[in-house]
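Chemist: Fold the following for me, if possible:
(one chain, ligands or ions: 1)
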Amino acid sequence: MAKTVCVICSTPMPGEWTEYPEYPFCTKRCKLIDLGRWLTEDYKIPDAGPPRDASTPGDDDGQASTGSS
Ligand SMILES: [Zn+2]
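Modeler: Alright, predicted model coming up:
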């Protein structure tokens, strides 16, 4: 299982996540920080990045492998 860390301060959270009442936050403090970010609208989920053109030319287009073995 991957190590669990606090989503706010990245503090390692050993043990089961059920041991943390404020999960996924290590402490209530971090939970409040997260809540504050939401309230200040500073916690915007970034988009998938700049819009990428799907028609970007690629080398793998039309160059199907022969598949001969
Ligand atoms: Zn934390």
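
Chemist: The chain: helices as residue ranges?
Modeler: 28-39 (DSSP state H).

Chemist: Around the ion, pick out the residues from it.
Modeler: The chain comes close to the ion at residues Cys6, Ile8, Cys9, Thr11, Cys26, Cys30, as judged by Cβ under 5 Å from the ion. In short, each C-beta sits where N, CA and C put it, glycine included.

Chemist: out of those, which one sits closest to Gly49?
Modeler: Ile8 (23.4 Å; Cβ to Cβ).

Chemist: Tell me which residues touch that closest one, please.
Modeler: Applying Cβ atoms under 8 Å, 6 or more residues apart in numbering, one finds that Ile8 lies in contact with Phe25, Cys26, Cys30, Lys31, Ile33, Asp34.

Chemist: Same question for Pro21.
Modeler: Pro21 is in contact with Lys28, counting by Cβ under 8 Å, 6+ apart.

Chemist: From Ala54, how far off is it?
Modeler: 45 Å (Cβ to Cβ, to the nearest Å).

Chemist: With Thr18 instead?
Modeler: For Thr18, the distance to Ala54 - Cβ to Cβ - is 43 Å.

Chemist: likewise Lys28?
Modeler: 45 Å.

Chemist: Same check on Lys3?
Modeler: 36 Å.

Chemist: Need the contacts of Ile8 in TSV (columns: pLDDT and neighbour count).
Modeler: Below are those laid out as TSV (pLDDT from 0 to 100; neighbours: other Cβ atoms under 10 Å):
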residue	pLDDT	neighbour count
Phe25	95	21
Cys26	94	20
Cys30	96	18
Lys31	96	18
Ile33	93	16
Asp34	91	17
